[in-house]
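Colleague: Quick one: sequence and predicted model below, then my questions.
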Amino acid sequence: MEPSFVQKDFDARHENTKAMLGFIESFGTECRLPSAFVNQLLIVGDELFSNIINHGYHDQGGLIRVSLSFHPSEAFFEMNVKDRSAPFNPLELPDAPEVPLHIGGLGIPLVRMIMDDCAYSYEEGCNSLTLKKRL
């Protein structure tokens with residue numbers, strides 16, 4: 001089976017989060033991924049999008065490019081999220097907050113817990129986060 005690939009640009013605003021998550025959900029459905037697997041991808045997407053909107057673009061909008069691929073022969077899903085906000089590697093954050101639990105601070109550790117592989121790069125003015133998860 002051939003890999004499936006889709007890509008779409010969004011404006012980084014909270015009102016577009018539903019469309020970004022719908023994009024992931026539709027792809028998962030199209031690729032016949034298990035619903036529990038897709039639900040985990042939606043959690044990851046929600047965390048990433050809200051971090052980019054709030055912290056990258058400071059609620060001012062900007063580009064978020066979401067690329068999704070599924071490789072059935074190797075049984076893995078890949079998501080790449082790019083933005084043009086200031087360079088920031090979320091993978092350098094600690095695994096968990098060093099202070100007592102509070103609202104915020106658990107998103108990236110949750111993403112790392114759900115996904116199998118996470119990689120960050122900054123190229124051509126873009127933050128690029130690539131995440132992989134095996135079925």
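Modeller: That came in fine, so what should we check first?

Colleague: center of the protein, which residue is that?
Modeller: In the chain, the C-alpha nearest the mean C-alpha coordinate belongs to G45, at 4.1 Å (C-alpha atoms, centre = their mean).

Colleague: Alpha carbons of the worst-scoring helix or strand of the chain on mean pLDDT, as PDB, please.
Modeller: The helix or strand of the chain with the poorest confidence is helix 107-114; it has a mean of 87 (mean pLDDT, DSSP states H and E). C-alpha atoms of helix 107-114 as PDB (Å, rounded to 0.1, in the frame of the first residue of the first chain):
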ATOM      1  CA  GLY A 107       1.300  19.700  27.300                       C
ATOM      2  CA  ILE A 108       4.800  18.900  25.800                       C
ATOM      3  CA  PRO A 109       5.500  16.100  28.300                       C
ATOM      4  CA  LEU A 110       2.100  14.600  27.300                       C
ATOM      5  CA  VAL A 111       3.000  14.900  23.600                       C
ATOM      6  CA  ARG A 112       6.300  13.100  24.300                       C
ATOM      7  CA  MET A 113       4.400  10.400  26.300                       C
ATOM      8  CA  ILE A 114       1.900   9.800  23.500                       C
END
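
Colleague: Would you list the strands that the helix or strand following that helix pairs with, along with their directions?
Modeller: Per DSSP states H and E, the first helix or strand lying C-terminal to helix 107-114 is strand 117-123. Strand 117-123 pairs in its sheet with strand 126-134 (antiparallel), by DSSP bridges.

Colleague: No further questions, thank you.
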